[in-house]
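Engineer: got a predicted model here, sequence first, then my questions.
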2 protein chains.
Amino acid sequence: MHPLAEKVLQGDVRATARLLRNIDDRADGWLDALSDLHPHTGNAYVIGITGNPGAGKSTLTDQLIAHYRREGHRVGVIAVDPSSPYTGGAILGDRIRMQRHALDREVFIRSMATRGQLGGLSRSTADATRVLDAWGAKVVIVETVGVGQDELEIARLAHSTVVVMAPGLGDEVQAIKAGILEVADVFCVNKADRDGADATVRDLEMMIALGHELASAGAHSRGHSAGALDLAREELRAKAGEWLVPIVKAVASRGEGIAALAEAIAKHRTWEDSSPLGAAKREERARDELSVVFHDLLRDEATRAVAAPFDAAAKALLRRETDPYTAARALLDAFRGRV
Amino acid sequence: MHPLAEKVLQGDVRATARLLRNIDDRADGWLDALSDLHPHTGNAYVIGITGNPGAGKSTLTDQLIAHYRREGHRVGVIAVDPSSPYTGGAILGDRIRMQRHALDREVFIRSMATRGQLGGLSRSTADATRVLDAWGAKVVIVETVGVGQDELEIARLAHSTVVVMAPGLGDEVQAIKAGILEVADVFCVNKADRDGADATVRDLEMMIALGHELASAGAHSRGHSAGALDLAREELRAKAGEWLVPIVKAVASRGEGIAALAEAIAKHRTWEDSSPLGAAKREERARDELSVVFHDLLRDEATRAVAAPFDAAAKALLRRETDPYTAARALLDAFRGRV
């Protein structure tokens, strides 16, 4: 076994931090260490926290850490942020918000500065989640900004995904924009003491109802107006074993609604573990997990393998001697070994 | 030549829309049509418009369309949105904001509903840009939400990228978060009649100064506090042929500042066409362009080629009989033909 992997399994915080850096740098047998750790993973429950900037995700995460610590669990946190390598300000900000846990040896907070990093964002996050799982975390919270395909992909890798909204941020519209309805297992309306909180809850209810209506009709039509929430239909769906996405109100800055949020997450976990639709979701997640690692490895390998012909093709493209489609096809053939 | 490609070159709007749909569906010789069109591209100037939700990007885009139409140019618009296939609301909203151009046969507006689409977001956007270029657009405006890696990648494919901010949205912090400093060729502070516009401009100036300082020192350190804008140093940089990112104030809803914005974009274009650093940027863009098509093709091909072993591996992963790293390595070997 890789020596770092061994130390991670003993709960060594420094070794865990070191391995995470090695994974970022693709250094010192990082892939072997990950393989070594894998049989010892699968114990952590992974909670995705996503939503638009300003919704209060970091404060909510901070409160969830405190909640799970009170229950005696070791907690891992991964704060994913498409930050610049120049300006780490945002990450610093997040850390400050969670800093009361900085001296707690049972809490490991990992910020991911994604720019300039090797490999894809989803891949790195998934790797870090597995390391924290092996380190002994019973809960791993992955916090992302809920806009962009990468972030949605990351959210899909979590066991339960909480989408955080706040009144007055235009989140209702943004929720639709970002396509986060599909990834939400629980909605949390944070800053619920503000004006407009009830309106946000209503908008969400409408959106959920509309989403299911369109999905069940197989319709992708636009301009469809949302009907009122049909409670009878909700009941039918619950009986059919579907998960009904709950909406939890919270005021994270005062710790209000955190227990209710944790309970909603726990209910989702039970549903997934016990229902046929939950089993299908677990299978889908295994596919996503493999897909993320496979495509990342593929991209790494191909980039390395065809570096020289790639340079030549890019220069030819710049001189307009080829088109990107023809050039890419030739590179693919070269990679597969039939030049 | 592909019959649709021929019609696109004649400026046929219906054929252009049809080809774009075929590209989305990977249907009817779409790749041949793109290859056929490529020698007829390179005439459009591609402007990226990005920024956070609520900054007023669609209104600004609408005004830029009007500006370029007054100058007699044919204009293409691509609105990229990580939207749900369920809920096309946002796209509809964008269209409404630009609808005064709907009857103008010299304006082609393309909304990209990215979820559920084949191929990557960057790839599809780049393809659509080339089609509108071949159709005869002199300007193609690509509007994206400025958060997430995909969106930043798309911005990098534009000749000039405008990052739009608005006062009071917490954009200053978000700008740092999203790492958009590196992609901005021009900053536009929209809604400049609102309180806090000057503060936003000052924050941007500081951020630009800080970014250059850190970049020139090669420092990626955190917690660095921004110094005041050093004008003498700015002059030195301008003399060295660097592009100094301008900040343009606008009130797009009233059409104010649009001419100044278009002028800033034109200046950036001149700089890129005439300076050694601009030439380096053009080369980098050709590499990005090829990279996007190559990696997308690679992913498509690999997914198809190893579909059956992938299913088996995902099932084994779900039963914890393998780990994703070992399984992905085996899939890669299978794809490269050395099982």
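Structural biologist: Everything's here; your move.

Engineer: pull the longest helix from chain A.
Structural biologist: Looking across chain A with DSSP state H, the single longest helix is helix A:276-305.

Engineer: check whether that helix contacts chain B.
Structural biologist: Yes: using CB under 8 Å from any CB of the partner chain, we find that helix A:276-305 touches chain B at A:282-283, A:286-287, A:289-295, A:297-299, A:301-302. Where C-beta positions appear, they are placed from N, C-alpha and C, glycine not excepted.

Engineer: buried ones among those residues?
Structural biologist: Neighbour-count burial (16 or more other CB atoms under 10 Å in any protein chain shown) applied to the residues of helix A:276-305 next to chain B gives A:286-287, A:289-295, A:297-299, A:301-302.

Engineer: and those as CSV, adding pLDDT?
Structural biologist: Shown next, in CSV, are those (pLDDT from 0 to 100):
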residue, pLDDT
A:286, 94
A:287, 94
A:289, 91
A:290, 95
A:291, 93
A:292, 89
A:293, 92
A:294, 95
A:295, 91
A:297, 90
A:298, 93
A:299, 91
A:301, 92
A:302, 94
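
Engineer: what about residue A:161, how many residues nearby?
Structural biologist: 27 (other CB atoms under 10 Å in any protein chain shown).

Engineer: oh, that last question was meant for residue A:57, not what I typed.
Structural biologist: Neighbour tally, residue A:57, other CB under 10 Å: 28.

Engineer: and the angle for the longest helix of chain A with helix B:276-305?
Structural biologist: 130 degrees (axes from the mean of the first three to the mean of the last three CA atoms, to 10 degrees).

Engineer: quick one: low-confidence parts of chain A?
Structural biologist: Scanning chain A for pLDDT under 70 picks out the ranges A:81-100, A:102, A:113-120, A:146-150, A:169-180, A:211-233, A:338-339.

Engineer: now the helices for chain A?
Structural biologist: A:3-9, A:13-25, A:30-37, A:57-70, A:89-97, A:121-135, A:149-157, A:171-178, A:197-217, A:231-239, A:258-274, A:276-305, A:307-318, A:324-335.

Engineer: dump these to JSON lines, plus distance to residue A:141.
Structural biologist: Formatted as JSON lines, the helices of chain A follow (distance: least, CB to CB, whole Å):
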{"stretch": "helix A:3-9", "distance to residue A:141": "19"}
{"stretch": "helix A:13-25", "distance to residue A:141": "16"}
{"stretch": "helix A:30-37", "distance to residue A:141": "19"}
{"stretch": "helix A:57-70", "distance to residue A:141": "6"}
{"stretch": "helix A:89-97", "distance to residue A:141": "12"}
{"stretch": "helix A:121-135", "distance to residue A:141": "10"}
{"stretch": "helix A:149-157", "distance to residue A:141": "12"}
{"stretch": "helix A:171-178", "distance to residue A:141": "20"}
{"stretch": "helix A:197-217", "distance to residue A:141": "22"}
{"stretch": "helix A:231-239", "distance to residue A:141": "27"}
{"stretch": "helix A:258-274", "distance to residue A:141": "10"}
{"stretch": "helix A:276-305", "distance to residue A:141": "17"}
{"stretch": "helix A:307-318", "distance to residue A:141": "38"}
{"stretch": "helix A:324-335", "distance to residue A:141": "38"}
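
Engineer: looking at these, which is nearest to residue B:249?
Structural biologist: Of all the helices of chain A, helix A:89-97 sits nearest to residue B:249, with 23.8 Å by CB to CB.

Engineer: and stretch A:34-46 with chain B, contact?
Structural biologist: Yes: shown here: stretch A:34-46 in contact with chain B (CB under 8 Å from any CB) through A:34-35, A:38-39, A:42.
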